[in-house]
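Student: I would like the atomic coordinates for the input below:
(one chain, ligands or ions: 1)
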Amino acid sequence: MNKITRRTFLKTWQIAVGSIFAMMTAPTIFYWWRDQPNRPKDIENWIDLGKAKKITENEWLKRPISFEIEDRWKTKAVQEMLYIYREGRNVTILSSICPHAGCLIKTGNGGFICPCHKSFFDDKGTVIEGPSPRPLDSMEWTVKKGRLYVKYEQYRSGIKSKEVIG
Ligand code: FES
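Tutor: Take a look at the predicted model:
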C-alpha cells in the first residue's frame, strides 16, 4: 500500500482547491459576455453591433450603423458611423460627430481629427486643440447573450455639456 507523504497530500490539496476556484470563477467570466450584470432593461431599441468577443482588441474600429427613425409621417433611413475600442471586457464607443459644429471626425496622428475647423482629440477622445467645446461623445453600451449593443444618441453641438437631441 502506498504511503501518503506530506508532499503528495499538499499537491492533492492544491489541485482540489485550484479546481474548486476554477469552477467558481468560470461561470462568472462566461456570463459577463453572455449577459452583462446590471444591464439596462430597455435595450430593444439599442443597436446590435455583433459578437462582443469578435471585436478586435486595443485598436479603434470604425463601424457604420444604420437604423430608421420616424420623421413626421414617414420613416427615414439613417446611416451613422461609430468608433469602437475594446480592451478586455471594457468597451468605449464614440460618436463620429464633432461636438463643435457636427462635422465627421476621422482617425489620424494617433487620435481623431476634425477636418472642418481642425479640432484634434487624443486616442481617448479628449480635446487637445481646436474649437471643440467638449470631448468626443461616448455612448452607453451593454452585452446581451454575447452581443454588444449601443444606445445610439445624437448630442447638441457647440455647447460644453453633453445634451441629447435624439
Ligand atoms: S466642426 Fe469640428 S472643429 Fe468645427
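
Student: Now find how far off-centre the top strand by length along the chain is within its chain.
Tutor: For the chain, the strand that runs over the most residues, judged by DSSP state E, is strand 74-87. Taking C-alpha atoms, centre = their mean, to the nearest Å, one finds the center of strand 74-87 at 13 Å from the center of the full chain.

Student: For the residue nearest in space to the middle of the chain, give its distance to residue 82.
Tutor: By C-alpha atoms, centre = their mean, the mean C-alpha position of the chain lies nearest to residue 91, the distance being 3.0 Å. Separation of residue 91 from residue 82 (C-beta to C-beta, to the nearest Å) stands at 11 Å. All C-beta spots, glycine's among them, are computed from the backbone N, C-alpha and C.

Student: so residue 142, which of the three states?
Tutor: Here residue 142 is recorded as strand under DSSP: H, G, I helix; E, B strand; the rest coil.

Student: Say whether the ligand is contacted by whichever helix or strand comes after the longest strand of the chain.
Tutor: The helix or strand immediately downstream of strand 74-87 is strand 90-95, counting by DSSP states H and E. No. Judged by C-beta under 6 Å from any ligand atom, strand 90-95 makes no contact with the ligand; its nearest approach is 12.0 Å.

Student: Counting by contacts, list what strand 90-95 packs against.
Tutor: The contact analysis (3 or more C-beta pairs under 8 Å, 6 or more residues apart in numbering; DSSP states H and E) places strand 90-95 against strand 74-87.
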